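Peer 1: Need a 3D model of the sequence below.
(one chain, ligands or ions: 2)
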Amino acid sequence: MRGSFITLEGGEGVGKSTQARALAEALRALGLEVVTTREPGGSEGAEMIRALLLGGPEERWTAEAEALLFAAARADHVAKTIRPALERGAWVLCDRFLDSSLAYQGGAGGLGTDRVRAINLFGLGGTLPDRTLVLALSDGAERARARDNDAPDRIGGRPADYHDAVAAAFRGLAGEEPERIRCIDAHGAPEAVTERLMTALADLLPAQQITPG
Ligand SMILES: Nc1ncnc2c1ncn2[C@@H]1O[C@H](COP(=O)(O)OP(=O)(O)OP(=O)(O)O)[C@@H](O)[C@H]1O
Ligand SMILES: Cc1cn([C@H]2C[C@H](O)[C@@H](COP(=O)(O)O)O2)c(=O)[nH]c1=O
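Peer 2: Ligands and ions are numbered 1, 2, ... in the order given. Alright, predicted model coming up:
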């Protein structure tokens, strides 16, 4: 049976990477095979594109070229890492995916979600997330700043109004697809957030065997 494809989304510093690790542990404890991966990246070629996208000055890429590079990295990542894992029955937990392109390049970047979705669908071969968990946190930017010692990457360093527009775009996407996309309160201790994420995945989990006592 095909595994489930789960993506973690949200703005900078909201705890996606921390929760990807914790959620993987929680799912493995249920006996599932879990592959964790990230975007941009997750395959050899996509990691090379990541360095091109996140390094260098703001003007390195036009808005269109940036969106196409994210889509190219994603096509390689899906073909080499995500689809093979799902086909052998593993669960895939991906730190950012298509919705990041819709929110960053499409919403905040001004290209429009329809055009950004279209350039991505070409490379995905129908592989789309079964559930997307958008982490919502008011002080993510401060956490990211502290983690990065005030040296953000090319996109993280964009102005606050760009990141506000990213957050608004994620909320809009969740409103359009409430069955797939769930907004999760990311305030509080990491363990409390992991519990909320597991609750939002409950309907996808295999029924637990109950052994009569
Ligand atoms: N629940 C939490 N409470 C306090 N600090 C946290 C919590 N979760 C994560 N952090 C810390 O906040 C910082 C950002 O977390 P993390 O790197 O997981 O976020 P992220 O969403 O993956 O960020 P980005 O998208 O910018 O890479 C890290 O220093 C992490 O240790
Ligand atoms: C997948 C994807 C990512 N981005 C941006 C979002 C972040 O600023 C960086 C990735 O850094 P992280 O520390 O690994 O979260 O890239 C984007 O603009 N569009 C995308 O599709």
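
Peer 1: what about residue 68, how many neighbours?
Peer 2: Using other Cβ atoms under 10 Å, residue 68 has 17 other residues around it. All C-beta atoms are positioned from the backbone trio N, CA, C, and that covers glycine.

Peer 1: Return the strand or helix carrying it as PDB; C-alpha atoms alone will do.
Peer 2: In this assignment (DSSP states H and E), residue 68 forms part of helix 63-77. Extracted in PDB, the C-alpha atoms of helix 63-77 (Å, rounded to 0.1, in the frame of the first residue of the first chain):
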ATOM      1  CA  ALA A  63      11.000  36.400  -9.700                       C
ATOM      2  CA  GLU A  64      10.200  34.100 -12.700                       C
ATOM      3  CA  ALA A  65      13.600  32.400 -12.700                       C
ATOM      4  CA  GLU A  66      13.400  31.900  -8.900                       C
ATOM      5  CA  ALA A  67      10.000  30.200  -9.200                       C
ATOM      6  CA  LEU A  68      11.200  28.000 -12.000                       C
ATOM      7  CA  LEU A  69      14.300  26.900 -10.000                       C
ATOM      8  CA  PHE A  70      12.100  25.900  -7.100                       C
ATOM      9  CA  ALA A  71       9.900  23.900  -9.500                       C
ATOM     10  CA  ALA A  72      12.900  22.200 -11.100                       C
ATOM     11  CA  ALA A  73      14.400  21.200  -7.700                       C
ATOM     12  CA  ARG A  74      10.900  19.900  -6.700                       C
ATOM     13  CA  ALA A  75      10.600  17.800  -9.900                       C
ATOM     14  CA  ASP A  76      13.900  16.100  -9.200                       C
ATOM     15  CA  HIS A  77      13.100  15.600  -5.500                       C
END
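
Peer 1: on contacts alone, who are the packing partners of it?
Peer 2: In terms of contacts (3 or more Cβ pairs under 8 Å, 6 or more residues apart in numbering; DSSP states H and E), helix 63-77 is packed against helix 44-54, helix 98-101, helix 113-124.

Peer 1: pLDDT on the last one, on average?
Peer 2: Which is helix 113-124. Across helix 113-124, pLDDT averages out at 98.

Peer 1: so how far is that helix off the chain centroid?
Peer 2: 16 Å (Cα atoms, centre = their mean, to the nearest Å).

Peer 1: same check, this time on the shortest one
Peer 2: In terms of Cα atoms, centre = their mean, the centre of helix 98-101 is set 7 Å apart from its chain centre.

Peer 1: same for it, what does it pack against?
Peer 2: Checking 3+ Cβ pairs under 8 Å, 6+ apart, helix 98-101 ends up next to strand 5-9, helix 63-77, helix 113-124.

Peer 1: Show me which residues of stretch 148-162 are buried.
Peer 2: For stretch 148-162, burial by neighbour count (16 or more other Cβ atoms under 10 Å) applies to 152, 154-156, 158.

Peer 1: Establish whether the lowest-mean-pLDDT helix or strand in the chain and ligand 2 are in contact.
Peer 2: Sorted by mean pLDDT, DSSP states H and E, the helices and strands of the chain end with helix 140-147, the least confident at a mean of 96. No. Interface with ligand 2: helix 140-147 contributes nothing (Cβ under 6 Å from any ligand atom), its closest point being 8.0 Å away.
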